[in-house]
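Trainee: sharing a model that was predicted from the sequence below.
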Amino acid sequence: MPVVTELFKWEGTKAKLNTHFATENRQFGSKMTDSKYFTTTKKGEIFELKAELNSDKKEKKKEAVKKVIASMTVGKDVSALFPDVVNCMQTDNLELKKLVYLYLMNYAKSQPDMAIMAVNTFVKDCEDPNPLIRALAVRTMGCIRVDKITEYLCEPLRKCLKDEDPYVRKTAAVCVAKLHDINAQLVEDQGFLDTLKDLISDSNPMVVANAVAALSEIAESHPNSNLLDLNPQSINKLLTALNECTEWGQIFILDCLANYTPRDDRESQSICERVTPRLSHANSAVVLSAVKVLMKFMEMLPKDLDYYGTLLKKLAPPLVTLLSAEPELQYVALRNINLIVQKRPEILKHEMKVFFVKYNDPIYVKLEKLDIMIRLASQANIAQVLAELKEYATEVDVDFVRKAVRAIGRCAIKVEQSAERCVSTLLDLIQTKVNYVVQEAIVVIKDIFRKYPNKYESVIATLCENLDSLDEPEARAAMIWIVGEYAERIDNADELLESFLEGFHDESTQVQLQLLTAIVKLFLKKPTETQELVQQVLSLATQDSDNPDLRDRGYIYWRLLSTDPVAAKEVVLAEKPLISEETDLIEPTLLEELICHIGTLASVYHKPPSAFVEGSRGVMHRRLPARTGSGESTESPDVGTAAGGSAPEAAPSIIPSQGDLLGDLLNLDIAPSTTTGPPPPTTGMQMGGMDLLGGGLDSLMGDESEPLGGDIGGSPAMGAGFGVAPAVMPASLNAPVGGGLGDLFDLGGGVGMPMGAYIPPKTVWLPAMKAKGLEISGTFARRAGVIQMELILTNKAMSVMTDFAIQFNRNSFGLAPAGPLQVLTPLGPNQTIEVSLPLSTVGPVMKMEPLNNLQVAVKNNIDVFYFSCQYPISMLFVEDGKMERQVFLATWKDIPNDNESQFQIKDCHLNSDAASNKLQGSNIFTIAKRTVEGQDMLYMSIKLSNGIWVLAELRVQAGNPNYTISLKCRAPEVSQCVFQCYEAVLKN
């Protein structure tokens, strides 16, 4: 909202001017026209205007100000007249005052010292008997973004916030938001935020709406401030004001309501009942805001409730009505409906006809309607849908026809009963011999074969007839796949594939890869007839091609076929998984967030605000409330308070899912290192953002896009924040001992001084044969709170190595080099050097698999080399990880039982005190110890560098070498790595 305000400020000024001059025209009729103000180009005009502005005649003065404003509007510099225009402020004429204020708003920033002259008049106008002048003065002062003036604004603003006239109060409410944007600290110190909160209880609905708008805007720039402290009483006041305020006021209030989480389903139903009338509003923005509130609160209503069904029926008509607006509004409505249909298709399941395309719809509306038609397609309406799609396939717009043909294929995959009819329709379209229709049809038939194997293969002969007309890579690749997959049913499959092979190097990569696989499939099915063909394609792929993807696949097939043909058959001809019905559905957590942003730009882009709003400030991740009505917050991450004590730390960092390819690995460049001495001291923040090597990896890697280390996949992000779900203590903690739970925390004696931290032995990370003679071994250590990567670099090549540099890929805990790799002398043949590289944890974060995997690139004067290694997670255990006893107990109870993991540590011969002492050396702190029936129980806490806490219960039985450990953590993905650390520390 602040961006929009800035963007349109000058446009708004022009609009005000046009309105003002139009009013003047109507008042004076034919006596004068205002166009003359904009056409004059006289020389010496500034001098004349100066004289007129200082005239004693009011009319002449007014004329002069109009001329000044007109000049300003067309872009002339009239700042020299600033003092003369300011003198005109001392007037009772409201129109003249408005014009002077417009001038001031425009030029105050370039003439701050002169603008101070106007302060007295502003303060005086804020006490004028006319409420319009009072409001005008406070509005203008808020628009003048000069620090010196804001100091004088506080007292008049305070009075206007409590003014008897609602027009002045509503103007003052917006002024607080403007002032906060200029000087946030001043607003907080002066107590304006509390006054603004009080205005939510105002008797005038427009004052309430503006107060909500101002608080919402301030809250956006301070996401954790909880300014809009909503409760049932304040919600009731907002709902009361909702019926009486203007349409834009209603939008502010509805957006505010959408951020509230009702206590239970009864409150949710009550709010829905009072918001429902907004669905019939004429303004589409009000309708979408109301839909957002209802979609969110429906989550808390039981589906068997009668009102739930009624609400579903009420939501359909307003959404349908939005589609009768102009195309631009239709598009926005369709993008929002697309989200709604993915979340609740039952709302519009009977409204298929409204999404049928009209001949005069713009292409962007047509394509969006098609998408929604497919989402709503079902057995009940598939006949209607197919008839429409067949019509669309004969249109003249090529993009639309392509999408329509593809939609027929999607319908076949989605509604199994319609598959035969869809295939028949596609064959009819192929018979039209329209090139682009035929090609799209072949692409979607390939998908139908994947969905329904051995069912529609009778159409292959028809497809093969059109082989020569295919010129698009996707269609050629699809046809090759069909020929390879069903080679045993096609008599001349080898001839067909050989015809593609003739221009192998001219084909796109997609076609080359598909052709390679298809010929290998053919060979495995008909080995005697196609041996020469497979040798030819393997030779083309491995020896004559520059594409690394193609080469790699060729070598894999070659080795498979030459070493183990049976294994090759199992791999290449393996049964393929059926393709899913909906491949383009938005991921559920993202869909939930987008539902919370209905009616905003996020719902049109189908991206969360964080993806296109610069910087993270003010971007809040929202989610739908739980159906149980547990009262979870709608913001993420949520930080609650542990029962019986405060949360030990802020919510831990969320680890994003890994989904990036090798192209994103590093920012590397082959430029030589210029470091010749020790690095300058850097702060933690600087370390994290440092780009040691500069440039981008794309230039190095060509077009490779395979993920490093194979298919790593994207795991769900770790949960963060303290929730409120009740949890139970482990059985051992609930045992009756002494005076109850409070007596647990009497530490047993005998815990000696901690030993040093565990450091794993060095291992070879990069063998010399993979790095042109450079061998890298190493390990990780934590010394005095600093994580070190200890490297041994060995030159097994015949040439000297220089210019070393290192870079890490994004990783689960943000590990990054805290400085350059210090290899100060050239590394000669057969020489070895040991280097210690300090690491920081403020680098970019991305979840890896496994969690402690680190992808590294090392550069020297010869090349860039890549390797992966795994660091012990104990390197991330920080020194302030000892939790208070009561906080430990409360947190253990607070973490859900589902987050508890249990492990066995075998063959460990330490007693409990020795184990505690050894673990403390690696920052695993014992909080309490007790003995029950000869079994020692140690309660321990660990804190990771990103703020995640891990709580542990270690059971040690005298004479038993097997320990049992229970781990609890709000990010349970960490538990396996933490267990491995326990095992490594205790056994070494």
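Mentor: Alright, I've got the coordinates. Numbering: from 1, shown residues only.
Trainee: so where's the protein uncertain?
Mentor: 1-45, 223-226, 580-584, 615-623, 626-756 (pLDDT under 70).
Trainee: show me what the one helix or strand Y557 maps to is packed against.
Mentor: Assessed by DSSP states H and E, Y557 sits inside helix 548-563. For helix 548-563, the elements it packs on are helix 509-525, helix 531-542, helix 565-572, judged by 3 or more C-beta pairs under 8 Å, 6 or more residues apart in numbering; DSSP states H and E. C-beta coordinates here come from the backbone N, C-alpha and C atoms, glycine included.
Trainee: please identify the most buried of these.
Mentor: helix 509-525 (a mean of 23; mean count of other C-beta atoms under 10 Å).
Trainee: returning to what we had before: among the helices and strands packed on helix 548-563, which is nearest I182?
Mentor: With C-beta to C-beta as the criterion, I182 lies closest to helix 509-525 of the helices and strands packed on helix 548-563, at 54.9 Å.
Trainee: check the offset of the closest one from the chain's centre.
Mentor: Chain-centre distance of helix 509-525: 38 Å, with C-alpha atoms, centre = their mean, to the nearest Å.
Trainee: just want the angle from that helix to helix 548-563.
Mentor: Orientation check (axes from the mean of the first three to the mean of the last three C-alpha atoms, to 10 degrees): helix 509-525 against helix 548-563 gives 10 degrees.
Trainee: please point out which parts of the helix holding Y557 sit buried.
Mentor: 549-550, 553-554, 557-558, 560-561 (16 or more other C-beta atoms under 10 Å).
Trainee: in PDB, list the C-alpha atoms belonging to that helix.
Mentor: Only the C-alpha atoms of helix 548-563 are listed here, as PDB (Å, rounded to 0.1, in the frame of the first residue of the first chain):
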ATOM      1  CA  PRO A 548      27.000 -33.900 -21.600                       C
ATOM      2  CA  ASP A 549      23.400 -35.200 -20.800                       C
ATOM      3  CA  LEU A 550      23.300 -37.100 -24.100                       C
ATOM      4  CA  ARG A 551      26.900 -38.400 -23.600                       C
ATOM      5  CA  ASP A 552      26.200 -39.600 -20.100                       C
ATOM      6  CA  ARG A 553      23.000 -41.400 -21.000                       C
ATOM      7  CA  GLY A 554      24.800 -43.000 -24.000                       C
ATOM      8  CA  TYR A 555      27.700 -44.300 -21.900                       C
ATOM      9  CA  ILE A 556      25.200 -45.600 -19.200                       C
ATOM     10  CA  TYR A 557      23.300 -47.600 -21.900                       C
ATOM     11  CA  TRP A 558      26.500 -48.800 -23.600                       C
ATOM     12  CA  ARG A 559      27.900 -50.100 -20.300                       C
ATOM     13  CA  LEU A 560      24.600 -51.700 -19.300                       C
ATOM     14  CA  LEU A 561      24.300 -53.400 -22.700                       C
ATOM     15  CA  SER A 562      27.900 -54.600 -22.800                       C
ATOM     16  CA  THR A 563      28.100 -55.900 -19.200                       C
END
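Trainee: contacts for it?
Mentor: By C-beta atoms under 8 Å, 6 or more residues apart in numbering, the list of residues contacting helix 548-563 from outside reads 509, 512-513, 516-517, 520, 523, 534, 537-538, 541-542, 545, 567-568, 571-572, 702, 704-706.
Trainee: orientation of that helix relative to helix 565-572 in degrees?
Mentor: Using the same axes, to 10 degrees: helix 548-563 against helix 565-572 is 140 degrees.
Trainee: and the angle from helix 548-563 to helix 531-542?
Mentor: Using the same axes, to 10 degrees: helix 548-563 against helix 531-542 is 140 degrees.
Trainee: bridging residues for I965?
Mentor: I965 forms beta bridges with F903, L954, as assigned by DSSP bridges.
Trainee: pretty sure it contacts V950?
Mentor: No - I965 lies out of contact with V950 (C-beta atoms under 8 Å); the separation is 10.9 Å.
Trainee: compare the two (neighbour count), which wins?
Mentor: The neighbour count for I965 versus V950, taken as other C-beta atoms under 10 Å, is higher for V950 (25 against 22).
Trainee: need the contact list for the more buried one.
Mentor: Residues in contact with V950 (C-beta under 8 Å, 6+ apart) are 941-944, 967-969, 974-975, 978.
Trainee: mind checking what secondary structure it has?
Mentor: Secondary structure state of V950, per DSSP: H, G, I helix; E, B strand; the rest coil, is strand.
Trainee: how near is it to I448?
Mentor: Separation of V950 from I448 (C-beta to C-beta, to the nearest Å): 50 Å.
Trainee: hang on, the earlier thing: which ones among the contacts of V950 are found in helices?
Mentor: Among the contacts of V950, the ones falling in helices (DSSP state H) are 975, 978.
Trainee: with distance to E472 and neighbour count as extra columns, can I get the contacts of V950 in TSV?
Mentor: Output for the contacts of V950, formatted as TSV (distance: C-beta to C-beta, whole Å; neighbours: other C-beta atoms under 10 Å):
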residue	distance to E472	neighbour count
S941	61	23
I942	56	28
K943	56	22
L944	51	25
L967	54	23
K968	56	24
C969	51	23
V974	48	27
S975	50	21
V978	52	23
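Trainee: need the contacts of V950 in TSV (columns: distance to V604).
Mentor: Below are these laid out as TSV (distance: C-beta to C-beta, whole Å):
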residue	distance to V604
S941	46
I942	45
K943	42
L944	39
L967	44
K968	42
C969	39
V974	37
S975	41
V978	43
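Trainee: for the contacts of V950, which one is nearest L774?
Mentor: Using C-beta to C-beta, those come closest to L774 at L944, 32.6 Å.
Trainee: give me every residue that touches the closest residue to that closest one other than its chain neighbours.
Mentor: Distances taken as C-beta to C-beta, 6 or more residues apart in numbering place L876 nearest to L944, at 4.9 Å, with adjacent residues excluded. By C-beta under 8 Å, 6+ apart, the contact list for L876 reads 787, 813, 841, 944-946.
Trainee: do that again at 6 Å, thanks
Mentor: 813, 944-945 (C-beta atoms under 6 Å, 6 or more residues apart in numbering).
Trainee: mind listing the strands for the stretch 401-550 of the chain?
Mentor: Ranges of strands within the stretch 401-550 of the chain: none, based on DSSP state E, counting those that start in this stretch.
Trainee: tell me which residues of stretch 361-374 come out buried.
Mentor: Within stretch 361-374, the residues scored as buried using 16+ other C-beta under 10 Å are 361, 365-374.
Trainee: just checking, which of the residues you listed belong to strands?
Mentor: Residues from these lying in strands, with DSSP state E as the criterion: none.
Trainee: of these, which belong to helices?
Mentor: 365-374.
Trainee: mind checking what secondary structure the closest residue to S941 other than its chain neighbours has?
Mentor: Counting by C-beta to C-beta, 6+ apart, M883 is the residue found nearest to S941 once chain neighbours are left out, at 3.9 Å. Here M883 is recorded as coil under three-state DSSP.
Trainee: which SSE is T931 in?
Mentor: Here T931 is assigned to strand 925-932, by DSSP H and E.
Trainee: can you tell me the strand partners of that strand and which way each runs?
Mentor: Strands adjacent to strand 925-932 in the sheet, as given by DSSP bridges, are strand 935-943 (antiparallel).
Trainee: give me the distance between the strand it pairs with and the centre of its chain.
Mentor: That offset, for strand 935-943, works out to 37 Å (C-alpha atoms, centre = their mean).
Trainee: then stretch 311-325?
Mentor: That offset, for stretch 311-325, works out to 29 Å (C-alpha atoms, centre = their mean).
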